[in-house]
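Chemist: What would the 3D arrangement of this be:
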Amino acid sequence: MVPPSENCEIGMVYGWFEDMTVGDADTIGEYLADKTELVDFARKWDPFPLYIDRAEAEQSIHGGLIASGVFGGIAALQVEIPYITKD
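Modeler: Got it, this is the predicted structure:
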């Protein structure tokens, strides 16, 4: 891992994009969500049939319910923010 720039206020996974090379990887954490959490979130914030209606989702190319992209982004932030702001 490339250390963050001295000018950067928070630690970043690779410092700067230009410092990354093919194959670089870093584990930042995990977030496990069950179906109920995914569907409840989608009903409130992103009510697309693929996320909330099993019968509709089964007819899609996915063959069943999938997680909202909005949920995925928020889940990623839940593990990313503590990682990049750690001392």
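Chemist: so where is this protein shaky, pLDDT-wise?
Modeler: Scanning the chain for pLDDT under 70 picks out the ranges 1-15, 87.
Chemist: Just the helices from it, written as ranges.
Modeler: 35-45, 49-52, 54-58, 69-84 (DSSP state H).
Chemist: So which elements touch the second one?
Modeler: Identification of packing neighbours for helix 49-52 by 3 or more Cβ pairs under 8 Å, 6 or more residues apart in numbering; DSSP states H and E yields helix 35-45, helix 54-58. The C-beta positions use only the backbone N, C-alpha and C, and glycine is treated the same way.
Chemist: Include mean neighbour count and distance to residue 70 when you put those helices into a markdown table, please.
Modeler: Formatted as a markdown table, the helices and strands packed on helix 49-52 follow (neighbours: other Cβ atoms under 10 Å; distance: least, Cβ to Cβ, whole Å):
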| stretch | mean neighbour count | distance to residue 70 |
| --- | --- | --- |
| helix 35-45 | 14 | 6 |
| helix 54-58 | 12 | 16 |
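Chemist: between those, which one is nearest to residue 72?
Modeler: Proximity to residue 72, assessed across those by Cβ to Cβ, is greatest for helix 35-45 (9.6 Å).
Chemist: and the angle for the closest one with helix 69-84?
Modeler: Orientation note: helix 35-45 sits at an angle of 110 degrees relative to helix 69-84 (axes from the mean of the first three to the mean of the last three Cα atoms, to 10 degrees).
Chemist: Could I have the CA atoms of helix 35-45 written out in CSV?
Modeler: Provided in CSV are the C-alpha atoms of helix 35-45 (Å, rounded to 0.1, in the frame of the first residue of the first chain):
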residue,chain,number,x,y,z
LYS,A,35,-33.0,-10.0,2.7
THR,A,36,-35.2,-8.2,5.2
GLU,A,37,-32.8,-5.3,5.5
LEU,A,38,-32.4,-5.0,1.7
VAL,A,39,-36.1,-5.1,1.0
ASP,A,40,-37.0,-2.7,3.8
PHE,A,41,-34.4,-0.2,2.6
ALA,A,42,-35.6,-0.5,-1.0
ARG,A,43,-39.3,0.0,-0.1
LYS,A,44,-38.4,3.3,1.6
TRP,A,45,-35.6,4.7,-0.6
